[in-house]
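Visitor: Return a 3D structure for these sequence lines:
(2 chains)
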2 protein chains.
Amino acid sequence: MIDLERVRKSLIRQEDSIVFSLIERAKFPSNSSLYKSSEIPGLDGSLIHYILKETEILHSKIGRYESPEEHPFFPDGLPLPLIPTPPAKSPEFLHAAASAVNMNSTIWKFYLEELLPLFTKEGDDGSYACTAACDINCLQALSRRIHYGKFVAEVKFRDAPEEYGPAIRAQDRDALMKLLTFTDVEEMVKKRVEKKAMIFSQEVNINEKDGDCNGSNKQQNCKIDASVLSRLYGEWVMPLTKLVQVEYLLRRLDK
Amino acid sequence: MIDLERVRKSLIRQEDSIVFSLIERAKFPSNSSLYKSSEIPGLDGSLIHYILKETEILHSKIGRYESPEEHPFFPDGLPLPLIPTPPAKSPEFLHAAASAVNMNSTIWKFYLEELLPLFTKEGDDGSYACTAACDINCLQALSRRIHYGKFVAEVKFRDAPEEYGPAIRAQDRDALMKLLTFTDVEEMVKKRVEKKAMIFSQEVNINEKDGDCNGSNKQQNCKIDASVLSRLYGEWVMPLTKLVQVEYLLRRLDK
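Guide: Coordinates of the predicted model:
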């Protein structure tokens, strides 16, 4: 059974995945050729567009997007799974309208245009495939986390339908957003992801005290600037998660 | 220029990637259906075989295997890159015979048969695509690390050709293995990766002291058993890296 505790644990665990994926992407320089529109025959748009789209086609064949936790960036024309979908262990938890909510075009845009320049160094080392694989891990981890707002919203709605009902019936986005905003919790989450980034990106030596990332030689020894994680959550992850929640709740009483 | 210091740094950085990739795989249960031979039309062997092979075909199109650091698991029939290979910034560092050394069939076998059962819980949650994506990250990180032995060997050879020359000319594997074995260093590496696994897999709380993984509630709060990393390095990563070095050096004086 999905309850608030399970949702909370998943959100916290997903923070680690996001931090790991950004640290791994930061191994490579910006490699901007990957993101430029390409003139090469057989490629549709940029290299990153091509490789993500083809990866989604492949993953779709083994059922990735049958899961309500997974959302494709390029949903048009995805193939059906080659394998039978495992029988659901319980009735669908989310309302059927959940599938109408997909924020991936917004995630794609902020990731490529705003986030990447914050944590990658200018340069081109030619490692396009490895860099793209890291980008895909980042994009998928962010997408999973942000769309997990559907589960957050469903749990909250089930816990207090009388609280959300009036705003849903009035289709009042602002009222819903207000009900879903807890500034103290958001500040705590920002601090936690920043701390995770410091701990997970530190250089570990067996004979020394750890935690250099907290000290003066921060820039020298850490693999990523931890404040980027706080900013990522404050500016994009949490606002978009709330938007997912609002969009989901607006449809929650649809027949 | 590639020197011993740069090689050492890369090896240390790659430890972090390996630890991250195993922690991410440990999110999912064993999902053994992924590894069983499949009867489904269109699939060649197991699902994991299919998805890794198709991923390699895709990555090959954007030049992954043009890099001497990358080695395919299924090299037969890979397509040529769609994009022009970036011009090499320096003359090839490795001897041309490097491409003859590929340990991936051994890596594939120990990963699936021996390592996975050590750090995944029995069970099947149906997340085959996400699990396979994690497996691919693990396999590629291990392959990169183990084949980096070619760079290690080349640096060592250039630093002391007179030390390695006689054993190479005599094609004496045992003598080469002896020259490449430093038990103290290996023990230190095992301790370091175990420490990394403890630090990176801990549960981070903003108001508490970190490092629960070192304490009594180890099993409860950590995402992976850190001793698995020590064992992975001691039993597979370091022995196979040395084997890569020996195989490379045996060919190092070929015309």
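Visitor: where exactly do the helices run in the stretch 151-255 of chain A?
Guide: Here the stretch 151-255 of chain A has its helices, by DSSP state H, counting those that start in this stretch, at A:161-169, A:173-179, A:183-200, A:218-221, A:227-231, A:238-250.
Visitor: hang on, A:Ser30 packs against A:Pro117?
Guide: Yes: if you go by C-beta atoms under 8 Å, A:Ser30 and A:Pro117 touch, sitting 7.1 Å apart. Bear in mind the C-beta positions are built from the backbone N, C-alpha and C, glycine included.
Visitor: Between the two, which is the more surrounded one?
Guide: Legend: neighbour count by other C-beta atoms under 10 Å in any protein chain shown for A:Ser30 and A:Pro117, higher for A:Ser30 (17 against 12).
Visitor: Doesn't the more buried one belong to a helix?
Guide: No: remark: A:Ser30 does not belong to a helix; assigned using DSSP: H, G, I helix; E, B strand; the rest coil, it is coil.
Visitor: And it, its phi and psi?
Guide: Per-residue torsions, A:Ser30: phi -60, psi -40 (degrees, to the nearest 10).
Visitor: Just the C-alphas of stretch A:38-47, formatted as CSV.
Guide: Taking C-alpha atoms only, stretch A:38-47 is exported to CSV below (Å, rounded to 0.1, in the frame of the first residue of the first chain):
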residue,chain,number,x,y,z
SER,A,38,22.9,18.6,-36.4
GLU,A,39,23.0,18.5,-40.2
ILE,A,40,23.9,14.8,-40.3
PRO,A,41,21.6,12.6,-42.4
GLY,A,42,19.7,10.1,-40.2
LEU,A,43,19.7,12.4,-37.2
ASP,A,44,16.6,14.3,-36.3
GLY,A,45,17.7,17.5,-34.5
SER,A,46,20.6,17.4,-32.0
LEU,A,47,22.6,14.4,-31.1
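Visitor: pLDDT averaged over that stretch, what's the number?
Guide: If you average the pLDDT over stretch A:38-47, you get 81.
Visitor: and that stretch, which residues are buried?
Guide: Using 16 or more other C-beta atoms under 10 Å in any protein chain shown as the burial criterion, the residues of stretch A:38-47 that qualify are A:38, A:43, A:46-47.
Visitor: farthest-separated two in these?
Guide: The distance between the two most remote of the buried residues of stretch A:38-47 (C-beta to C-beta) is 7.9 Å, for A:Leu43 and A:Ser46.
Visitor: wait, which of the helices of the stretch 151-255 of chain A is closest to B:Ser105?
Guide: That would be helix A:183-200 among the helices of the stretch 151-255 of chain A, by C-beta to C-beta, at 32.4 Å.
Visitor: packing partners for that closest one?
Guide: Using 3 or more C-beta pairs under 8 Å, 6 or more residues apart in numbering or on different chains; DSSP states H and E, the elements in contact with helix A:183-200 are helix A:4-25, helix A:227-231, helix B:183-200.
Visitor: how distant is stretch A:14-30 from the center of its chain?
Guide: 12 Å (C-alpha atoms, centre = their mean, to the nearest Å).
Visitor: Kindly report the same for stretch A:117-132.
Guide: So, by C-alpha atoms, centre = their mean, the centroid of stretch A:117-132 is 20 Å from its chain's centroid.
Visitor: what distance separates the start and the end of it?
Guide: 15 Å (C-alpha to C-alpha, to the nearest Å).
Visitor: got CSV for the buried residues of stretch A:38-47, with secondary structure and distance to chain B too?
Guide: Converted to CSV, the buried residues of stretch A:38-47 look like this (DSSP: H, G, I helix; E, B strand; the rest coil; distance: C-beta to the nearest C-beta, whole Å):
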residue, secondary structure, distance to chain B
A:Ser38, coil, 8
A:Leu43, coil, 6
A:Ser46, strand, 11
A:Leu47, helix, 6
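Visitor: low-scoring stretches of the stretch 101-250 of chain A, by residue?
Guide: For the stretch 101-250 of chain A, the stretches flagged by pLDDT under 70 are A:208-220.
Visitor: Turn the helices and strands packed on helix A:183-200 into JSON lines, including distance to A:Lys61 and mean neighbour count.
Guide: Formatted as JSON lines, the helices and strands packed on helix A:183-200 follow (distance: least, C-beta to C-beta, whole Å; neighbours: other C-beta atoms under 10 Å in any protein chain shown):
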{"stretch": "helix A:4-25", "distance to A:Lys61": "23", "mean neighbour count": "19"}
{"stretch": "helix A:227-231", "distance to A:Lys61": "33", "mean neighbour count": "19"}
{"stretch": "helix B:183-200", "distance to A:Lys61": "32", "mean neighbour count": "18"}
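Visitor: Quick one, which of these gets closest to B:Gly63.
Guide: Nearest to B:Gly63, of the helices and strands packed on helix A:183-200 and by C-beta to C-beta, is helix A:4-25 at 18.2 Å.
Visitor: Could you list the alpha-carbon positions for that closest one in PDB?
Guide: What follows is helix A:4-25, C-alpha atoms only, in PDB (Å, rounded to 0.1, in the frame of the first residue of the first chain):
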ATOM      1  CA  LEU A   4       2.700   9.200   3.000                       C
ATOM      2  CA  GLU A   5       5.600   7.500   4.700                       C
ATOM      3  CA  ARG A   6       6.400   5.400   1.600                       C
ATOM      4  CA  VAL A   7       6.100   8.500  -0.700                       C
ATOM      5  CA  ARG A   8       8.400  10.500   1.600                       C
ATOM      6  CA  LYS A   9      11.000   7.700   1.600                       C
ATOM      7  CA  SER A  10      10.900   7.500  -2.100                       C
ATOM      8  CA  LEU A  11      11.400  11.300  -2.500                       C
ATOM      9  CA  ILE A  12      14.300  11.200  -0.200                       C
ATOM     10  CA  ARG A  13      15.900   8.200  -1.900                       C
ATOM     11  CA  GLN A  14      15.400   9.900  -5.300                       C
ATOM     12  CA  GLU A  15      17.500  12.900  -4.100                       C
ATOM     13  CA  ASP A  16      20.500  10.600  -3.900                       C
ATOM     14  CA  SER A  17      19.900   9.400  -7.400                       C
ATOM     15  CA  ILE A  18      19.700  13.000  -8.700                       C
ATOM     16  CA  VAL A  19      22.900  14.000  -6.800                       C
ATOM     17  CA  PHE A  20      24.800  11.000  -8.200                       C
ATOM     18  CA  SER A  21      23.600  11.600 -11.700                       C
ATOM     19  CA  LEU A  22      24.700  15.300 -11.600                       C
ATOM     20  CA  ILE A  23      28.100  14.400 -10.100                       C
ATOM     21  CA  GLU A  24      28.600  11.900 -13.000                       C
ATOM     22  CA  ARG A  25      27.600  14.400 -15.600                       C
END
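Visitor: Chain B contacts on the stretch 1-150 of chain A?
Guide: A:12-13, A:16-17, A:20, A:23-24, A:27, A:38, A:40-43, A:47, A:50-51, A:54-55, A:58-59, A:62-64, A:67, A:70, A:82-83, A:85-86, A:124, A:126-130, A:132-133, A:137, A:140 (C-beta under 8 Å from any C-beta of the partner chain).
Visitor: Helices - which of these land there?
Guide: A:12-13, A:16-17, A:20, A:23-24, A:47, A:50-51, A:54-55, A:58-59, A:128-130, A:132-133, A:137, A:140 (DSSP state H).
Visitor: any idea how far the residue in chain A sticking out farthest from the centre lies from B:Met188?
Guide: Of all residues in chain A, A:Asn207 has its C-alpha farthest from the mean position, at 36.0 Å, by C-alpha atoms, centre = their mean. Between A:Asn207 and B:Met188 the distance is 9 Å, computed by C-beta to C-beta, to the nearest Å.
Visitor: contacting residues around the nearest residue to A:Leu139 once chain neighbours are set aside?
Guide: Leaving aside its chain neighbours, A:Leu139 sits nearest to A:Tyr111 (5.8 Å; criterion: C-beta to C-beta, 6 or more residues apart in numbering or on different chains). Residues near A:Tyr111 by C-beta atoms under 8 Å, 6 or more residues apart in numbering or on different chains: A:135, A:138-139, A:142.
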